[in-house]
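A.B. asks: model this:
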Amino acid sequence: MTEATQTSDEAVPPNEPAPRDPVKRWTTGLLVLSAVLVAYYLWSDRGTPFSSQARVHARVVPVAAEVSGTVTEVLVSNNQAVSAGEVLFRIDATQYALALASAEADLESARQTTGASEAGLVAAQASVKSAQANLARSQQDVKRLRRIKSQDPGALSDRRIESAVATLKVSEQQVVAARAQLEQARRDLGRQGEANARIQQARAAVEQARVDLGHTQVRAPTDGVVTDVRLDKGNFAGAGAPQMTFISTGDIWVQADFTENNLGHLAPGDPVELAFDVYPGRVFAGTVREIAFGVAVDSTPLGSLPSVANNRQWLRNAQRFPVVVDFEMQREERRALRVGAQASVIAYASDNWLLRALGKLSIRISSCLSYAY
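C.D. replies: Purely as a prediction, here's the structure:
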């Protein structure tokens, strides 16, 4: 064996494996990682759906006076927090106070008129009784005279009996007339006492005048914030014309727009977690209140041709549906939430512990990212 052959045998050991290709190793690792991520995405898309398209909503009510008049005082400023029942502005109450006084006077007049009608009814009842008593006496006189005439024909003249009969007929007519007057008095009076129609009508006018007077002070319906204040002292406020906007803080919710394939297992009552941009690093618990059954789409008016979207893409855009979410937050913290504020929402539609753990991690990462953007 030559020296060269011996050197070659020593340089290449016969049983040593060939070195691994680093490119192939990294490619395999990336493929495995990608497969795991895709599987997790498909799994979590149904079990723990996530949406970053979520905004805060509240009841927004235009504030308008229910009566017209000149504004005498404005007690709030733009974007001021108010409590339920707090006076926002006042309207000149002079004419409404006078209207209340007039209505109260009309009520007293109605009571007096009703009292007089009741007295007339009593008088009509007395007239009926008097006419009935006269009728009874006339009947007795006729019977007595006829009995005497039958016993002794010469004791009484026929003219005497005819006169008594005529008096009896007059008494009968008086009874009929008195009863007619009594019925008319009852119809004119109606129901007696405070249940009388005239008194009820006058009392309703008093209540309406009192309500109108109370409406000269416009109050906050609930706890909330006033914004877009448009009036000042001396302005004329027409009934029903909005003068400012009221945002209720009593009922605040988040509307999260989830893609259609997120809704497969989602149901009202499912727990959720929310991360608000205004509170970076914090996560709040909540529940699904309701899931919208439909969204608006392009509609074609009757009598026109349908419009067709020329979309040749292989993959169409996912349709989103609003999901209303209730959340738990202290009252003071709710005041910092503005209508339209952004949030991220993750829903736990699955009971799988791994999905939930990864979902809780992802929403907390999203919350911490709010520090940066």
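
A.B. asks: and the contacts of whatever helix or strand Ser362 lives in?
C.D. replies: Following DSSP states H and E, one finds Ser362 within helix 353-369. Contact with helix 353-369 is made by 40, 43-44, 47-48, 50, 52, 273-275, 279-283, 344, 346, 348, 350, as judged by C-beta atoms under 8 Å, 6 or more residues apart in numbering. The way it works is simple: take the backbone N, C-alpha and C, and place the C-beta from them, glycine included.

A.B. asks: pretty sure Leu274 sits in a helix.
C.D. replies: No - applying DSSP: H, G, I helix; E, B strand; the rest coil, one finds Leu274 to be strand, outside a helix.

A.B. asks: so what's it up against?
C.D. replies: Applying C-beta under 8 Å, 6+ apart, the residues near Leu274 are Ala54, Val254, Val283, Phe284, Ala285, Gly286, Val325, Phe327, Ala343, Ser344, Val345, Ile363.

A.B. asks: where does the residue nearest the centre of the chain fall, phi/psi-wise?
C.D. replies: For the chain, the residue nearest the mean C-alpha position is Arg59 (9.6 Å; C-alpha atoms, centre = their mean). Per-residue torsions, Arg59: phi -70, psi 120 (degrees, to the nearest 10).

A.B. asks: my read is that it contacts Ile247, right?
C.D. replies: Yes - between Arg59 and Ile247 a contact is recorded at 7.3 Å, counting by C-beta atoms under 8 Å.

A.B. asks: okay, and which of the contacts of Leu274 map to strands?
C.D. replies: Ala54, Val254, Phe284, Ala285, Gly286, Val325, Phe327, Ala343, Ser344, Val345 (DSSP state E).

A.B. asks: please, a PyMOL command that selects the buried ones among the residues you listed?
C.D. replies: Entered in PyMOL, the line below selects the buried ones among these, by 16 or more other C-beta atoms under 10 Å:
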select buried, resi 54+254+284+286+325+327+343+344+345
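
A.B. asks: closest to Ala296 among the ones in strands among the contacts of Leu274?
C.D. replies: Checking these against Ala296 by C-beta to C-beta gives Ala54 as the nearest, at 19.0 Å.

A.B. asks: who is the closest one paired with across the strands?
C.D. replies: Counting by DSSP bridges, Ala54 forms beta bridges with Ala256, Ala343.

A.B. asks: now do the contacts for it.
C.D. replies: Val254, Gln255, Ala256, Asp257, Leu274, Val325, Gln342, Ala343, Ser344, Val345.

A.B. asks: show me what contacts the first one?
C.D. replies: Contact partners of Val254, counting by C-beta under 8 Å, 6+ apart, are Ala54, Arg55, Val56, His57, Leu274, Gly286, Val324, Val325, Phe327, Ala343, Val345.
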